[in-house]
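Asks: Please find the sequence and the predicted model below.
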Amino acid sequence: MTAKPAAAAARATVYGYPRQGRNRELKKAIEGYWKGRVCADALRQAAAELRRGTWQQLAEAGVHEVPTGDFSYYDHVLDTSVMVGAVPERHRDAVRADALDGYFAMARGTQDVAPLEMTKWFDTNYHYLVPELGPGTVFTADSAKQVAEFKEALALGHTPRPVLVGPVTYLLLAKAAPGVAADFEPLTLLDRLLPVYAEVLADLRAAGAEWVQLDEPALVQDRTPAELNAAARAYRELGGLTDRSKLLVASYFGRLGQALTVLAKAPVDGLALDFTETGAGNLDDLAAAGGLPGKRLVAGVVNGRNIWINDYEKSLATLGTLFGLADRVDVSASSSLLHVPLDATAETDIDPQIARWLAFARQKTAEIVVLARGLAAGTDAIAAELAANRADLASRADAAITRDPAVRARTAAVTDADGRRSQPYAERTAAQRAHLGLPLLPTTTIGSFPQTTELRTARADLRAGRIDEAGYEERIKDEIREVLSFQEKAGIDVLVHGEPERNDMVQYFAEQLTGYLATQHGWVQSYGTRYVRPPVLAGDISRPGPMTVRWTTYAQALTERPVKGMLTGPVTMLAWSFVRDDQPLGDTARQVALALRDEVNDLEANGTSVIQVDEPALRETLPLRAADHAAYLEWATESFRLATAGVRPDTQIHTHMCYAEFGDIVQAIDDLDADVISLEAARSHMQVARELAAHGYPREAGPGVYDIHSPRIPSTEEAAALLRKGLEAIPATRLWVNPDCGLKTRGWPETRTSLENLVAAAREIRAELPT
């Protein structure tokens, strides 16, 4: 059956795009600026060239409206704080002295001033800087960035659409500033903030903006009646402004639910909704609300967060239904394309058959354009694209990589007993203390040590054939010896080998497991200038052989102190990969857990007494709606226990989590049944320690006292002060001393001093404890 052309021409657009450039030019320019090798003007020029290239690529692909303002040197929420004048008091002098340096100081801190807290952007691995607000916050408009980037695109002949974080989401993401009562609700500042948004909108209108996009992803979460009323009030006021640009309110990452009715009734000119699997229900809800008569609908039918090709026929069916619900329907991805790599054609090492299944940002842009053309001109206009798409989808469905009978048989044979330790924690903790002989307040690190230029050069030399495998391994051994020697001299109690052989905590394991594919250029921003290459989880998972045993046992042979085995947990292996979408996540997690179980057991059999299985993504992957939490947490915690429960009682299992809000998953943390958990806590001033105590968490914990995402070196006094706060919540018999996270991104000089201060703080507090 041939689809007829739409009554109104559908157009293609995107909400946002990767910022880094094909070869991570932005990362290199910013880090060069931090090191004094790149001047501010050169940095700005590099950024302008990247924006220009992105807009040109989008326009040439057939995108009608290009987003502006989504580009950022560090983080778009931090950009919003600057736009509304919400600069913390401690950073104002720096911002006044030099706006660019002050901006980076808010993000990274300085030796004298702490940065803003950082946490995950909804259920993604992107991190944003948390706004700090209080009853005394005074907002002032600064639209310079937004207007300048709009004018840049306009001067280049494009049709720009400025993108702003919406006022409701901005306030819901904020927290009480230091010194403000913890129960302060930033949303109470809405009436104070809206006139500032009105001023920014007026500036953009004066610059010539026809449309402005206001992102409100916080509205896809569970919201109270008061919060929904605040959203209604916000858009009643902004929509009621005279002589304004048309307003497109965008949501993504899920179903709007009750907020859809609120926004549909608001005097705005368009809505952007997620119509992929994550937004299931938006179509029915939109129909039940009577559609959007007289308004524009931007339909997110291409998945903006995964890398599998779109099903054109399914998307066209959805789009066809939507045309009866709005006056104008345009086509987009389900979210900003910030969360996917740039270009799949750069992955020349991937099997060409499998490469046909992949769509990165450029390919997703092309899919959006094809769908818009098919919607506007009818399916005959895209007959060739439809045929190729059907063939690619069939190729993936029939591929041998997706099914391994042995893996499926093993997974099906799992029993409840496989996920339970042989003794309860109260019994095994005594065995562990006797076996390990650690002091009160034992010190450790999270795993990785600085990845030096020499290490990266060695890895590049190996790939290029300039050194052989034996030469490379000698360099790794030298690094392990240096890392161990430093830790012993510093007085650290439980050591790590430093992970010099690892490129990334997920990719390293993915490259050794069947069913995973590694990319060479699939970089995605995690925070600031930190980019990761998520592997592609394409098929059933198994472990052909040991992955970490060799280097862990090598390190243990060099010292009498315990050396932790370091693994990445099953949930994080999924969350920080582009995971297959053709079976339930819980099934895939169980496969990964069984592969890790074999590794845990092999580590123990080879003399490793402390094994850490990191799950920093446990909270990040929590569904945005409370109704979906229980099902997720059941398989997530089960997969961790399945990976770790096969060890003896005297083997100590650690886990690690960081940069998320943990208060609503403390029961799940308890259900992991890990013996020790380390968590990020330095920026949040030990908030998680108080949350663990309030829950009655019975096991050992190490809330971090060293913020490793800042170049600041914490003093002994600062670390000791945090430890004292920790002791207010967790008894000394169960408190560990450690950094917030791994040290891979830090330099050796700051790492040495910071860890020496950490150990000195632990000794100082030990001396204060009653004997």
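Replies: Yep, it's here.

Asks: so who does Arg255 touch?
Replies: Contacts for Arg255 (C-beta atoms under 8 Å, 6 or more residues apart in numbering) come out as 220, 274, 279-282, 285, 625. Placement of C-beta: from N, CA and C, glycine included.

Asks: go again using 6 Å as the cut-off
Replies: 279, 281-282 (C-beta atoms under 6 Å, 6 or more residues apart in numbering).

Asks: what do you get for Val262?
Replies: By C-beta under 6 Å, 6+ apart, Val262 lies in contact with 228, 231-232.

Asks: Let me know the pLDDT of it.
Replies: On pLDDT, Val262 comes in at 97.

Asks: What is the burial count for the closest residue to Val536 other than its chain neighbours?
Replies: Nearest non-adjacent residue to Val536, counting by C-beta to C-beta, 6 or more residues apart in numbering: Leu517, 4.2 Å away. A count of nearby residues for Leu517, using other C-beta atoms under 10 Å, gives 22.

Asks: just Asp142 next, same as before
Replies: Asp142: 18 neighbours (other C-beta under 10 Å).

Asks: where's the closest residue to it other than its chain neighbours relative to Glu199, distance?
Replies: Once flanking residues are discounted, Asp142 sits nearest to Met83: 5.6 Å by C-beta to C-beta, 6+ apart. Applying C-beta to C-beta, to the nearest Å, the value for Met83 to Glu199 is 10 Å.

Asks: Neighbour count for those two, which is higher?
Replies: Shown here are Met83 and Glu199; by other C-beta under 10 Å, Met83 has more neighbours (24 against 16).

Asks: So for that one, what pLDDT did the model give?
Replies: On pLDDT, Met83 comes in at 98.

Asks: For stretch 523-539, which residues meet the burial criterion?
Replies: By neighbour count with 16 or more other C-beta atoms under 10 Å, stretch 523-539 contains the buried residues 523-529, 531-539.

Asks: gap between the two ends of that stretch?
Replies: 21 Å (C-alpha to C-alpha, to the nearest Å).

Asks: now swap in stretch 75-91 and tell me
Replies: End-to-end distance for stretch 75-91: 17 Å, by C-alpha to C-alpha.

Asks: Which positions in stretch 164-182 come out as buried?
Replies: Buried-residue list, stretch 164-182, by 16+ other C-beta under 10 Å: 164-177, 180.

Asks: Also stretch 33-51?
Replies: 33, 38, 43, 46-47, 50-51.

Asks: what's around Gln520, how many residues?
Replies: If we define neighbours as other C-beta under 10 Å, then Gln520 has 12 of them.

Asks: and it, what does it touch?
Replies: Gln520 sits next to Asp349 when contact means C-beta under 6 Å, 6+ apart.

Asks: Roughly how far does it sit from Gln556?
Replies: From Gln520 to Gln556 the distance is 33 Å (C-beta to C-beta).

Asks: again with Arg52
Replies: Arg52 is 53 Å from Gln556, where distance means C-beta to C-beta.

Asks: Tell me which of the two has more neighbours.
Replies: Gln556 (22 against 14).

Asks: The more buried one - nearest residue in space that isn't next to it in sequence?
Replies: Using C-beta to C-beta, 6+ apart and skipping residues adjacent in sequence, the residue nearest Gln556 is Val563, 4.5 Å away.

Asks: Do you know the pLDDT at that neighbour?
Replies: Val563 is assigned a pLDDT of 98 by the prediction.

Asks: From what I see, it and Ala557 are in contact.
Replies: No - counting by C-beta atoms under 6 Å, Val563 does not reach Ala557; the two are 9.1 Å apart.

Asks: The two: who's more crowded?
Replies: Using other C-beta under 10 Å as the criterion, Val563 and Ala557 rank with Val563 on top: 25 against 9.

Asks: Quick one: residues contacting the most centrally placed residue in the chain.
Replies: Taking C-alpha atoms, centre = their mean, the centroid of the chain lies closest to Asn125, which sits 0.9 Å from it. The neighbourhood of Asn125, defined by C-beta under 6 Å, 6+ apart, consists of 526, 576.

Asks: pLDDT wise, what is Leu633 at?
Replies: 97.

Asks: just Ala182 next, same as before
Replies: Reported pLDDT for Ala182: 89.

Asks: secondary structure element for the residue nearest to Gly21 when sequence neighbours are not counted?
Replies: Among residues not flanking Gly21 along the chain, Leu50 sits closest, at 4.8 Å (C-beta to C-beta, 6+ apart). In this structure, Leu50 sits in helix 40-61 according to DSSP states H and E.

Asks: Show me the contact partners of that helix.
Replies: Contacts to helix 40-61, defined as C-beta under 6 Å, 6+ apart, come from residues 17, 21, 26, 29, 33, 66, 71, 100, 153, 158, 365-366, 369.

Asks: Buried ones among these?
Replies: Looks like those have 17, 21, 26, 29, 33, 66, 71, 153, 158, 365-366, 369 buried, using 16+ other C-beta under 10 Å.

Asks: can the residues you listed go into a markdown table with extra columns for secondary structure and pLDDT?
Replies: Below are those laid out as a markdown table (DSSP: H, G, I helix; E, B strand; the rest coil; pLDDT from 0 to 100):
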| residue | secondary structure | pLDDT |
| --- | --- | --- |
| Tyr17 | coil | 98 |
| Gly21 | coil | 95 |
| Leu26 | helix | 98 |
| Ala29 | helix | 98 |
| Tyr33 | helix | 98 |
| Val66 | strand | 98 |
| Phe71 | coil | 97 |
| Ala153 | helix | 98 |
| His158 | coil | 98 |
| Thr365 | helix | 98 |
| Ala366 | helix | 98 |
| Val369 | helix | 98 |
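
Asks: Okay, now the unreliable bits of the protein?
Replies: 1-8, 659-660 (pLDDT under 70).

Asks: need the longest strand for it.
Replies: Looking only at the chain and at elements set by DSSP state E, the strand with the highest residue count is strand 292-302.

Asks: Now the element after that strand, going C-ward?
Replies: Following strand 292-302 in sequence order, the next helix or strand is helix 312-322 (DSSP H and E).

Asks: measure the nearest residue to Gly291 once chain neighbours are set aside to Leu248 for me?
Replies: Once flanking residues are discounted, Gly291 sits nearest to Leu325: 3.4 Å by C-beta to C-beta, 6+ apart. Separation of Leu325 from Leu248 (C-beta to C-beta): 16 Å.

Asks: Neighbour count for the two, which is higher?
Replies: Using other C-beta under 10 Å as the criterion, Leu325 and Leu248 rank with Leu248 on top: 25 against 18.

Asks: what bridges to the more buried one?
Replies: Leu248 forms beta bridges with Gln213, Gly270, as assigned by DSSP bridges.

Asks: My read is that it contacts Val212, right?
Replies: No - using C-beta under 6 Å, Leu248 makes no contact with Val212, being 7.1 Å away.

Asks: Just the residues contacting stretch 152-160, thanks.
Replies: Contacts for stretch 152-160 (C-beta under 6 Å, 6+ apart): 55, 59, 65-66, 68, 150.

Asks: Report the distance from stretch 751-759 to the chain centre.
Replies: 28 Å (C-alpha atoms, centre = their mean, to the nearest Å).

Asks: Could you pull out the buried residues of that stretch?
Replies: Under 16+ other C-beta under 10 Å, the buried positions of stretch 751-759 are 751-752, 754-759.

Asks: now do stretch 664-672
Replies: For stretch 664-672, by 16+ other C-beta under 10 Å, it's 665-666, 668-672.

Asks: Same list (those) but as JSON lines, adding secondary structure and distance to Trp635.
Replies: JSON lines is the format used below for these (DSSP: H, G, I helix; E, B strand; the rest coil; distance: C-beta to C-beta, whole Å):
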{"residue": "Ile665", "secondary structure": "helix", "distance to Trp635": "14"}
{"residue": "Val666", "secondary structure": "helix", "distance to Trp635": "18"}
{"residue": "Ala668", "secondary structure": "helix", "distance to Trp635": "11"}
{"residue": "Ile669", "secondary structure": "helix", "distance to Trp635": "16"}
{"residue": "Asp670", "secondary structure": "helix", "distance to Trp635": "17"}
{"residue": "Asp671", "secondary structure": "helix", "distance to Trp635": "12"}
{"residue": "Leu672", "secondary structure": "coil", "distance to Trp635": "13"}
